[in-house]
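Asker: Got a sequence here, can you model it:
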Amino acid sequence: MNILGTAGAGTVDALFSAVSPQHDRYEEMANHALSRGIDFYHQGNYEGAVKEFRRSIGLSPYSPYTANGYRYLVQSLLKLNRTDDALKAYRQAIKLDPINDSYHVQLGNLYFSLGRYEEAKAEYTEAVKIDSTSTLNRYSLGQAYLQTGQYTEAEQAFKTVNAHSPGEAAFALGQTYHRMGRYDDAVTELKSAVSLKKNLGYAYFELGSVYADQKEFEQAQEQVSILSSIDQMLALELGSYIYQRKHPKILSAYSTDFINTAGPGTRVSDLDPSLSEPNGSAYFTMHFIFSKPMDGSTVESPAYWSITKANGQNRGGVYNWGLPLAATEIYISPLPVSVVYHPNSQTADVIFKISQNGSGDGTLDPSHLVFKFKGLDIYGEAMDSAADEYSGISKIV
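Answerer: Numbers count the residues shown, from 1 in each chain. Prediction:
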């Protein structure tokens, strides 16, 4: 039976007149609870704040104060390291008001901060469905796409943001193009971003990183200089990244048991007493000093090293100065016997073998033996081709 349908207009008015003051009282109580909770929050009493925010929401779950109640409730729970409860709070908010896009964004932000990017993306997607005109919703979704490697989708999201608010997503587009390897496009967008916001430190950092990835280290260093007056920590971080992206070099090399400066026609027997006997062998060590911490697995693999005779393409001339080799010239193995890397000093000990010939009169040109390394540093960077080999005559090539 429809009571309201059969009641008179006066009865209905009386009913709502009775309910309205009660609703107002609950809303007022909710507002007071919210205010107490905020006071507790700023005092550091997060347990007390949680109770008041829950009370505020419970008293009037559909009031204008509810959104603030949930926001402060979540912040209080996070202060107490109750992350799961914070997630549940936002899910409860969405259950009460499923078409409130801000709740989806806030839950997405929490997932994002936890590194749960797929779940963040799902919430941002819902927010966009509810309000596709919101640049915040689109921007947030674009950032989730960026973190999940969906760069084409991220680009489209940020372009949509720029269409509504020109320049708003220039920085994000720069990030996206950087990850896509579209360095020129990244530079264009990031320069646009810093022209709009002169103190946008993260844009200078990203721009410097792009230049570093392009091996344009002077331009990268310029961004460090700019950042130094904006954000010292970002400046230091960019400086570190630039260092990582530089190619490692052989700074110097030396030996205490191998006379690598001796020229053509050097008698092998003069290098070590054990080589005085026919077919005798001796082991020698060359010590190499690198400019950066190296990947020990490549340094200690003989396959990444080579020992060859200078062929004229190396600085310092040709083996034996290009003269015909004597019949007494001995063979040198192109690979070292073993290599030991010392990470603390960034040095490598390259051990190689020299053998006398059968007649005991072998000769060699130690100064034109070229030691070359083609491995990696700990950051995965290959050797600088201008400083990846050494010989006694040329030193660092």
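
Asker: Quick one, grab the pLDDT at residue 315.
Answerer: We have a pLDDT of 71 for residue 315.

Asker: remind me which residues of the stretch 201-350 of the chain are low pLDDT?
Answerer: Residues of the stretch 201-350 of the chain meeting the criterion pLDDT under 70: 314.

Asker: which residues sit in contact with the residue nearest to residue 308 when sequence neighbours are not counted?
Answerer: Spatial nearest neighbour of residue 308, excluding adjacent residues (CB to CB, 6 or more residues apart in numbering): residue 370 at 5.1 Å. Every C-beta, even on glycine, is put in place using the N, C-alpha and C of the backbone. The contact partners of residue 370, by CB atoms under 8 Å, 6 or more residues apart in numbering, come to 306-310, 314, 389-391, 397.

Asker: hmm, try it at 10 Å
Answerer: Contacts for residue 370 (CB atoms under 10 Å, 6 or more residues apart in numbering) come out as 306-311, 313-316, 319, 389-394, 397.

Asker: Check those for burial and list the buried ones.
Answerer: Neighbour-count burial (16 or more other CB atoms under 10 Å) applied to those gives 307-310, 314, 316, 319, 389-394, 397.

Asker: Sitting in strands, which of those residues do you find?
Answerer: Secondary structure defined by DSSP state E assigns 307-309, 389-391 of the buried ones among the contacts of residue 370 to strands.

Asker: Kindly indicate which of those lies nearest residue 119.
Answerer: Using CB to CB, residue 389 is the member of those that sits closest to residue 119, with 51.2 Å.

Asker: Name the nearest residue to the closest one, ignoring sequence neighbours.
Answerer: Closest residue to residue 389 apart from its sequence neighbours, by CB to CB, 6+ apart: residue 372 at 3.9 Å.

Asker: And for residue 239?
Answerer: In space, residue 239 is closest to residue 224, 5.2 Å off (CB to CB, 6+ apart).

Asker: Surely residue 237 and residue 231 touch.
Answerer: Yes. Counting by CB atoms under 10 Å, residue 237 does reach residue 231; the two are 9.0 Å apart.

Asker: any residues in contact with both of those two?
Answerer: Common contact partners of residue 237 and residue 231 (CB under 10 Å, 6+ apart): residue 205.

Asker: residue ranges of the strands in this protein, please?
Answerer: 250-254, 266-267, 281-290, 305-309, 338-342, 347-355, 363-364, 369-373, 389-391, 395-396.

Asker: State the distance from residue 363 to residue 276.
Answerer: Distance of residue 363 to residue 276, given as CB to CB, to the nearest Å: 14 Å.

Asker: Which of the two has more residues huddled nearby?
Answerer: residue 363 (19 against 14; other CB atoms under 10 Å).

Asker: Identify the residues contacting residue 188.
Answerer: Contacts of residue 188 (CB under 10 Å, 6+ apart): 170, 173-174, 177, 182.

Asker: likewise residue 60?
Answerer: Residue 60 neighbours (CB under 10 Å, 6+ apart): 23-31, 33-34, 66, 69.

Asker: Rebuild these as a markdown table, extending it with distance to residue 45.
Answerer: Formatted as a markdown table, the contacts of residue 60 follow (distance: CB to CB, whole Å):
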| residue | distance to residue 45 |
| --- | --- |
| 23 | 30 |
| 24 | 29 |
| 25 | 26 |
| 26 | 24 |
| 27 | 24 |
| 28 | 23 |
| 29 | 20 |
| 30 | 19 |
| 31 | 19 |
| 33 | 14 |
| 34 | 15 |
| 66 | 22 |
| 69 | 16 |
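
Asker: what's the spacing between stretch 81-88 and its chain's center?
Answerer: How far stretch 81-88 lies from its chain's middle: 28 Å, per CA atoms, centre = their mean, to the nearest Å.

Asker: Not counting that stretch itself, show me its contacts.
Answerer: Under the contact criterion CB under 10 Å, 6+ apart, stretch 81-88 has outside partners 46, 50, 70, 73-80, 89, 107, 110-111, 113-114, 116, 119.

Asker: at 8 Å what do you get?
Answerer: So stretch 81-88 is contacted by 73-74, 77-78, 107, 110-111, 114 (CB under 8 Å, 6+ apart).

Asker: does residue 372 really touch residue 306, like I thought?
Answerer: Yes. Counting by CB atoms under 8 Å, residue 372 touches residue 306, with 4.7 Å between them.

Asker: In the stretch 201-350 of the chain, what residue spans correspond to helices?
Answerer: Assigned by DSSP state H, counting those that start in this stretch, the stretch 201-350 of the chain shows helices spanning 201-213, 217-228, 232-245, 296-299.

Asker: Can you name every helix or strand that the last one contacts?
Answerer: Read that as helix 296-299. On a contact count with 3 or more CB pairs under 8 Å, 6 or more residues apart in numbering; DSSP states H and E, helix 296-299 meets strand 338-342.

Asker: The same query, at a cut-off of 6 Å, please.
Answerer: For helix 296-299, there is no helix or strand it packs on, judged by 3 or more CB pairs under 6 Å, 6 or more residues apart in numbering; DSSP states H and E.
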